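Enquirer: quick one: sequence plus predicted model below, questions after.
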Amino acid sequence: SQTIHQWPATLVQPVGSPLSLECTVEGTSNPNLYWYRQAAGRGLQLLFYSVGIGQISSEVPQNLSASRPQDRQFILSSKKLLLSDSGFYLCAWRPRTGGNTEAFFGQGTRLTVV
Amino acid sequence: GQNIDQPTEMTATEGAIVQINCTYQTSGFNGLFWYQQHAGEAPTFLSYNVLDGLEEKGRFSSFLSRSKGYSYLLLKELQMKDSASYLCAVRDGGFQKLVFGTGTRLLVSP
């Protein structure tokens, strides 16, 4: 069966510090991968998605970046965090083919920038 | 681009029926998903519609009208545990994107 791992679960970082959140998927190959951010009481904002190794599409201009160094690994980074980067970050995957397959989410990382 | 709208908040009583609406405008459409999210947790999948009509799954049903860019989630026999946020998401088939609406926070009271 497929599983998705996301870590860390919680993170408190000072303004201006770097960020690296990692997400890995097991039990499948060639998945579509997504990073979302959710502000308190709000919906999910799509940040990045990837359809293959090294292929990253950015949805919202910001000081975050994403990379996909391996087929089942998706990393969210920042060189210098801002207060506005605080939020709940969710990684998700779904199969490349099969229109009726839903996205499966990791448990999320709650980031607080102080 | 995509624009997906939902009501921000709804309240209902235990045992009642509630309908949560979602309207969307997308450049490409290849399916609409409904998710449930309890506070502080990851979203979990509820339903999927790609053709017009109603899909029923136990107490939950979801409806789609592609010509109107409209969907709703119907929750019957509400239970306290149904208090959560409900997220509508549209898949843009051409670009493999899955874009979410703002979510509707449902509060079920006794």
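Expert: Here it is on my side, so go on. Because the structure is a prediction, the values reported are computed rather than measured. Numbers count the residues shown, from 1 in each chain, chains lettered A, B, ... in the order given.
Enquirer: pull the number of nearby residues for the spatially closest residue to residue B:16 that is not a sequence neighbour.
Expert: Nearest non-adjacent residue to residue B:16, counting by C-beta to C-beta, 6 or more residues apart in numbering or on different chains: residue B:78, 5.2 Å away. Every residue, glycine included, has its C-beta placed from N, CA and C. Using other C-beta atoms under 10 Å in any protein chain shown, residue B:78 has 19 other residues around it.
Enquirer: how near is residue B:78 to residue A:32?
Expert: 34 Å (C-beta to C-beta, to the nearest Å).
Enquirer: and residue A:84, which of the three is it?
Expert: At residue A:84 the chain is in helix, as set by DSSP: H, G, I helix; E, B strand; the rest coil.
Enquirer: how far away is it from chain B?
Expert: Counting by C-beta to the nearest C-beta, to the nearest Å, the gap from residue A:84 to chain B is 18 Å.
Enquirer: OK, contacts around the residue nearest to that residue when sequence neighbours are not counted?
Expert: Residue nearest to residue A:84 in three dimensions, not counting chain neighbours: residue A:113, with 7.9 Å by C-beta to C-beta, 6+ apart. Contact analysis of residue A:113 by C-beta atoms under 8 Å, 6 or more residues apart in numbering or on different chains lists A:12-15, A:81-86.
Enquirer: closest to residue A:97 among the residues you listed?
Expert: Of all the contacts of residue A:113, residue A:97 sits closest to residue A:85, with 33.8 Å by C-beta to C-beta.
Enquirer: so where's chain A uncertain?
Expert: Residues of chain A meeting the criterion pLDDT under 70: A:61, A:98-99.
Enquirer: actually chain B, sorry about that
Expert: B:1, B:93-95.
Enquirer: who in it is up against chain A?
Expert: When proximity is defined as C-beta under 8 Å from any C-beta of the partner chain, chain B approaches chain A at B:6, B:30-31, B:33, B:35, B:40-45, B:48, B:50, B:87, B:89, B:91, B:93, B:95-103, B:105.
Enquirer: give me that answer again for 6 Å
Expert: By C-beta under 6 Å from any C-beta of the partner chain, the residues of chain B that approach chain A are B:30-31, B:33, B:42-43, B:45, B:48, B:96-103.
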